[in-house]
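S.K.: Okay, here's the prediction I keep looking at, along with the sequence it came from:
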Amino acid sequence: MDPVARVREFLLDNIGHMTHPGQASFDSASQHWFVPIYCRTSHGHVVIGDIELDQQGHILFAPSREEL
């Protein structure tokens, strides 16, 4: 399971093409992946949130479109 690919699919399906995933990091204490969400702006790419996934690729937390 590639967490970045999973988040990319989620963002395209639920948020829009102006967002994309960043580099995933694994937290060994919680055994979860965290992937930053970037937004494309005229000033460059800005981190606007994170998506949390378990080891199997199930999304545990993702901010809503309105929150972003």
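M.R.: Structure received.
S.K.: Could you use CA atoms for every contact and neighbour count after this?
M.R.: Noted.
S.K.: Okay, residue 24 and residue 11: tell me how far apart.
M.R.: 14 Å (C-alpha to C-alpha, to the nearest Å).
S.K.: What count of nearby residues applies to residue 58?
M.R.: Residues lying near residue 58 (other C-alpha atoms under 10 Å) number 15.
S.K.: before we move on, what about residue 17?
M.R.: As a burial measure, residue 17 scores 12 neighbours (other C-alpha under 10 Å).
S.K.: try residue 12
M.R.: Considering only other C-alpha under 10 Å, residue 12 is surrounded by 13 other residues.
S.K.: so it, which of the three states?
M.R.: helix (DSSP: H, G, I helix; E, B strand; the rest coil).
S.K.: quick one: contacts for it?
M.R.: For residue 12, the contacting residues are residue 19, by C-alpha atoms under 8 Å, 6 or more residues apart in numbering.
S.K.: What pLDDT does the model give it?
M.R.: At residue 12, the pLDDT value in this model is 94.
S.K.: what separates it from residue 27, distance-wise?
M.R.: 25 Å.
S.K.: Let me see the ranges of the strands in this structure.
M.R.: 19-21, 25-27, 32-41, 44-53, 59-61 (DSSP state E).
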